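J.: need coordinates for the below:
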Amino acid sequence: MVTENQATFHPTEYLAGVLRWLRKQPNFQCYTHTRVVGIHEKGVELLGMGHKSVTVHTEAGHMIQAEHVVEATGIPLQRLSVVAELGYYRTYCIAVRVPKGSVEDCLLCGTGKPYKYVSLSACDAQDDYLVVGGCGHPVGQADTAGRFEVLEQWARERFPQAGKTDYRWSGQLVEPTDGLEFIGKNQGNNKVYIVTGGSGNGLTHGVLAGRLIADEIEGKPNEWAALYSPKRLGGMIRALPSIVKHDVQLNLAYERFLGTDIANSADLKPGTGGILNAVGHPFSIDVQG
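T.: Purely as a prediction, here's the structure:
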């Protein structure tokens, strides 16, 4: 299947442009290196009467009062509800040099398993980058070794002009069990909004979420609001067997948390991880380099 009139945009340039616009707004403030540990909605609103507000708690002990709060956190800061309706997957990606102009600038998405996708990005005057991704799996439920090699072999078989592989990286995808992102008022809240479950399309959904949530805050009707609502029930009821199956698999996979893999962090080699159970409180350690 071919879909015409698609578009791509550079994520860093896009975010830089958004920030430049925000800095021109009279009430805009931005705080970095500030970890939020809790968001609480308080008050009563009923039949247009009463008032609710939101308090944001930071790790440093500060509190921020707000009329509305948006959690664009990847995974919402809560233990249950919508979190149980999400699946967590690891995905892998490589950037391979190809001679400039040797590959058509298009977006290729496979439907086989393991899933793979291809896009093109600028490199230098001589080459483009062929970005090849996929080989995903549920987090903690598969061997991670050899994933980059599989992607590279797959790419070289189909693009014989491929040259040096300059970059390799992996990331985590969050996917709703019913296949559609959660955008809008959080479950159990009226003034706290979430954006989660981008399924690897976070840039597209992020732009969409900006419009949807802005309309909800301003009280403007939006025909897509109910479709993406985190409070939707129809899709969740249909997906209930998948939710139960996923949660059982996840808990079985993490049964190892009851034990320990390593005695201390010195046992780990770069690029590896393990579980250390310290006085009944397991936690994970990973070494990046």
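
J.: and residue 129, what does it touch?
T.: 95-98, 120-123, 166-167 (C-beta atoms under 8 Å, 6 or more residues apart in numbering). Backbone N, C-alpha and C define where each C-beta goes, glycine included.

J.: go ahead and confirm residue 189 touches residue 41.
T.: Yes. With contacts counted by C-beta atoms under 8 Å, residue 189 reaches residue 41, the gap being 5.1 Å.

J.: one step back: quick one, which of the contacts of residue 129 are buried?
T.: The neighbour count (16 or more other C-beta atoms under 10 Å) marks 95-98, 120, 123 as buried among the contacts of residue 129.

J.: make JSON lines from the contacts of residue 129 and add secondary structure and distance to residue 77 to it.
T.: Formatted as JSON lines, the contacts of residue 129 follow (DSSP: H, G, I helix; E, B strand; the rest coil; distance: C-beta to C-beta, whole Å):
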{"residue": "95", "secondary structure": "strand", "distance to residue 77": "33"}
{"residue": "96", "secondary structure": "strand", "distance to residue 77": "38"}
{"residue": "97", "secondary structure": "strand", "distance to residue 77": "41"}
{"residue": "98", "secondary structure": "strand", "distance to residue 77": "42"}
{"residue": "120", "secondary structure": "strand", "distance to residue 77": "37"}
{"residue": "121", "secondary structure": "strand", "distance to residue 77": "33"}
{"residue": "122", "secondary structure": "strand", "distance to residue 77": "37"}
{"residue": "123", "secondary structure": "coil", "distance to residue 77": "38"}
{"residue": "166", "secondary structure": "strand", "distance to residue 77": "36"}
{"residue": "167", "secondary structure": "strand", "distance to residue 77": "31"}
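
J.: just the helices in the chain please.
T.: Under the criterion DSSP state H, helices of the chain are mapped to 11-23, 147-158, 202-218, 225-228, 234-238, 240-253.

J.: run a quick neighbour tally on residue 93.
T.: 19 (other C-beta atoms under 10 Å).

J.: what sits closest to residue 102 if chain neighbours are left out?
T.: The spatially closest residue to residue 102, leaving aside those adjacent along the chain, is residue 161, at 4.9 Å (C-beta to C-beta, 6 or more residues apart in numbering).

J.: distance-wise, check that neighbour relative to residue 45.
T.: Counting by C-beta to C-beta, to the nearest Å, the separation of residue 161 from residue 45 is 62 Å.

J.: now do the contacts for residue 109.
T.: Contacts of residue 109 (C-beta under 8 Å, 6+ apart): residue 117.

J.: ok, what's across the strand from it?
T.: On the basis of DSSP bridges, residue 109 takes part in beta bridges with residue 117.

J.: and what of residue 40?
T.: What pairs with residue 40, by the bridge criterion (DSSP bridges), is residue 55.

J.: and if you look at the one 4 residues further on?
T.: Per DSSP bridges, residues listed as beta-bridge partners of residue 44: residue 51.

J.: quick check: domain ranges of this structure?
T.: Per the record, the chain has its domains at 87-176, 259-289, by automatic domain parsing.

J.: quick one: closest of these to residue 211.
T.: domain 87-176 (19.4 Å; C-beta to C-beta).

J.: end to end, how far does the closest one reach?
T.: With C-alpha to C-alpha, to the nearest Å as the measure, domain 87-176 spans 6 Å from end to end.

J.: pLDDT averaged over it - what is it?
T.: Across domain 87-176, pLDDT averages out at 91.

J.: please renumber so the chain begins at 5
T.: Done: numbering now begins at 5, and the last item shifts to domain 91-180.

J.: from the chain's centroid, how far away is it?
T.: 18 Å (C-alpha atoms, centre = their mean, to the nearest Å).

J.: and what of stretch 266-282?
T.: The answer for stretch 266-282 is 26 Å, by C-alpha atoms, centre = their mean.

J.: mean confidence for it?
T.: Across stretch 266-282, the per-residue pLDDT values average to 72.

J.: so which bits of it are buried?
T.: Residues 272, 278-280 are the ones in stretch 266-282 that count as buried (16+ other C-beta under 10 Å).

J.: in space, what's closest to residue 267 - neighbours in sequence excluded?
T.: Spatial nearest neighbour of residue 267, excluding adjacent residues (C-beta to C-beta, 6+ apart): residue 280 at 7.7 Å.
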